Every structure is written in structure tokens, then in C-alpha cells.
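>>> Got a sequence here, can you build the structure:
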Amino acid sequence: MTEQKNSTQPSTPKQKSVPPVFNFINGGLSGMLATCVVHPMDVLKNRMQLNRDGTSIVMLIKSIMAEEGLTKFYRGLTAGLVRQATYTTTRLGIYNHLLDMWKANKASPPSFMVLCTMGMTAGVCGAFVGTPAEIALVRMSADGRLPPDHRRNYKHVFDAFFRIYKDEGITALWRGCIPTMGRAAVVNVSQLATYSQAKKMIVKTWNVKEGIPLHFWASMVSGLLTSFNSMPFDIAKTRIQNLKVSVKPPSMMSVITKTAQQEGITALWKGFVPTYCRIGPHTVLTFMINEQLTKLSRQYFV
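Predicted structure coming up:
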């Protein structure tokens, strides 16, 4: 009788959604904490993408340590943190909110195409909001490669905002916005959607239970695909945003085409190693921290 009674019990009730404000707070905090760990890879990535001489990552690390010192690996960290506070807060907040809305109104889980649409929507919105911090990050992290008399020497991210606005106008804070949004669409389809899909595949194939190991492996798969898919857009974004005031910014496609013609098609993936060394761990840390913060939010505030 007991077995029959248990077999007819209703399934576990749906998990309650976290209040929307926590999706945004948790997204921003998880991105900022992850950035504190991987920021040196952002510095290396930006410099490799701006160099046209094929400098290897090992040579670049040695050069920075010898000429600028170890602390310069964290040049532009304030911009990186503000970028996460704007871009990641917006994209993860919107993505998680869309996912919660789907779960609350649909019986079946979202399809891969639905996840892609959610990821693109979240990424494009986040990229637009985060473009000013992205420009400051690119310029601050790349400043050390310039001769001393050509350096911008921004003191911090807010000094960068003020001086860009003063010297170049308010619209300059959104220079390279189109390739930034294009990159974000690719990144978020690759990162957000494939992360959810990778979790499903890993659970189904290896029967891994929900927890940190599952989040880790799903994030590593997601990070690899994200790095490869987004690199050409990232190259264009970085080079446009680092241009001098007097130079009219070219289009995204013209930068990609010119780079491929002058430096070879493989140049579009210049800086792949530091990009993956940044995106891989950043994806792992962001999603792991976000999962834990969401769990705590659901435990204490739902």
C-alpha cells in the first residue's frame, strides 16, 4: 500500500522564482568577483589584439614584468569592475529574469533556440549599457604599450569617463558600440545558452548531480565555444575603441576585413589563449558564484 501511495504522489512543486532585483544584483556581484581573479588576462588580451607584430603571450608577460612591474597586470581594474557592474548586471539579470518568466509560465523547459534568443537579447542590452566602461577598460589596459608621451594616463575609470566626454564628446563613450553589441550577441548565445545546454548534456551523459562540479564543467565547455566564436568581433571592438580622437572610427566589418587581408585570417583569433584563459575561468567563476548567490537569495528572500 505504501509503495502504491508513493507512486501516485504529485511531482515536486515548481521552484519559486527569485525576485527580479536579485537577478540583477547577483549577476553584477558574480561578474565583479570573477573579474578580480582574471583581470590580468584582460590586459594581455587587449595588448595582443592591438599588437601587429605577433608577440607571443610569454614575451608579453616578460615585457610587462620587466618594463612596468607586476602591479600593471591590474591596470584598468576599476574599469573592469564598472564594466561588470553595468554589462554583467544587465545581461545576467535580464537572462535570469527571462528564464524565470519562462519557468513560471511554461510546463516544459525552454528549447535551445529559446535560450539563444534570451541570450542575445540579454547580451545586446548589457553591451549597450556597458560600452563606456568597455572603452575605458581597453584604453587603460593598453596604455602601457604606448610611449610615455602618448599615454592617456587615466587615473581611474571615472577620470576616463570625464576626459573622454571632455575631449571627444558624449558620443565617444559609445564608440565601437555596434561591434561591442555584435560581440555580446555572439558571446551570450555561446556562453549563456550553451552553458544551460551543456549542463543538460552532462547530467544526461554522466549523471552528474547539481552542484559545483557540474557548474565547473558546463562553464569550461561554454567558455571554449565563447572564446572561439567571439574573437573576430572582439578584435574589431578593441581596435576601434583604442583609436585616437582625430581618427574617424571605421565599421566593424571593415576592421575585420582589413585585419584578415593585412595580417592573415588567423589574426582574427589573435590573443585566443589569454581570451580563453580569461573567459574560461571568468565563466566558471561567474556562473558558480551566480548559482550560489541565487540559491542563497531563494533560501532567504523567497
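
>>> Flag the shaky bits of the stretch 1-150 of the chain, pLDDT-wise.
For the stretch 1-150 of the chain, the stretches flagged by pLDDT under 70 are 1-16.

>>> mind listing the helices for it?
Assigned by DSSP state H, counting those that start in this stretch, the stretch 1-150 of the chain shows helices spanning 2-7, 20-50, 57-67, 77-83, 89-105, 112-142.

>>> Can you spell out which helices and strands pack onto the fifth one?
Spelled out, it's helix 89-105. Helix 89-105 sits against helix 20-50, helix 112-142, helix 177-188, helix 272-301, with contacts defined as 3 or more C-beta pairs under 8 Å, 6 or more residues apart in numbering; DSSP states H and E. Glycine gets a C-beta too; all of them are placed from N, C-alpha and C.

>>> Check the last one too.
Contact analysis of helix 112-142 by 3+ C-beta pairs under 8 Å, 6+ apart lists helix 20-50, helix 77-83, helix 89-105, helix 157-168, helix 177-188, helix 194-206, helix 212-241 as its packing neighbours.

>>> Reformat these as a markdown table; add distance to S63 and mean neighbour count.
Supplementary listing: the helices and strands packed on helix 112-142 in a markdown table, determined by distance: least, C-beta to C-beta, whole Å; neighbours: other C-beta atoms under 10 Å:
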| stretch | distance to S63 | mean neighbour count |
| --- | --- | --- |
| helix 20-50 | 9 | 22 |
| helix 77-83 | 20 | 24 |
| helix 89-105 | 33 | 20 |
| helix 157-168 | 24 | 16 |
| helix 177-188 | 27 | 24 |
| helix 194-206 | 35 | 16 |
| helix 212-241 | 18 | 22 |
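
>>> Output those as a markdown table; include the columns distance to I61.
Listed next are the helices and strands packed on helix 112-142 as a markdown table, based on distance: least, C-beta to C-beta, whole Å:
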| stretch | distance to I61 |
| --- | --- |
| helix 20-50 | 7 |
| helix 77-83 | 17 |
| helix 89-105 | 30 |
| helix 157-168 | 24 |
| helix 177-188 | 25 |
| helix 194-206 | 29 |
| helix 212-241 | 19 |
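
>>> hmm, back to that, now the helices of the stretch 1-150 of the chain as a markdown table including distance to K237?
Formatted as a markdown table, those follow (distance: least, C-beta to C-beta, whole Å):
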| stretch | distance to K237 |
| --- | --- |
| helix 2-7 | 56 |
| helix 20-50 | 9 |
| helix 57-67 | 20 |
| helix 77-83 | 12 |
| helix 89-105 | 16 |
| helix 112-142 | 7 |
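
>>> if I look at P249, how far off is D234?
From P249 over to D234 the distance is 16 Å, taken as C-beta to C-beta, to the nearest Å.

>>> one step back: looking at the helices and strands packed on helix 89-105, which is nearest to S222?
helix 272-301 (5.5 Å; C-beta to C-beta).

>>> Average pLDDT for that closest one, rounded please.
For helix 272-301, the mean per-residue pLDDT is 85.

>>> Which neighbouring elements make contact with it?
Using 3+ C-beta pairs under 8 Å, 6+ apart, the elements in contact with helix 272-301 are helix 20-50, helix 89-105, helix 212-241.

>>> residue contacts, T238?
Taking C-beta atoms under 8 Å, 6 or more residues apart in numbering, we find T238 in contact with N46, Q49, L50, V138.
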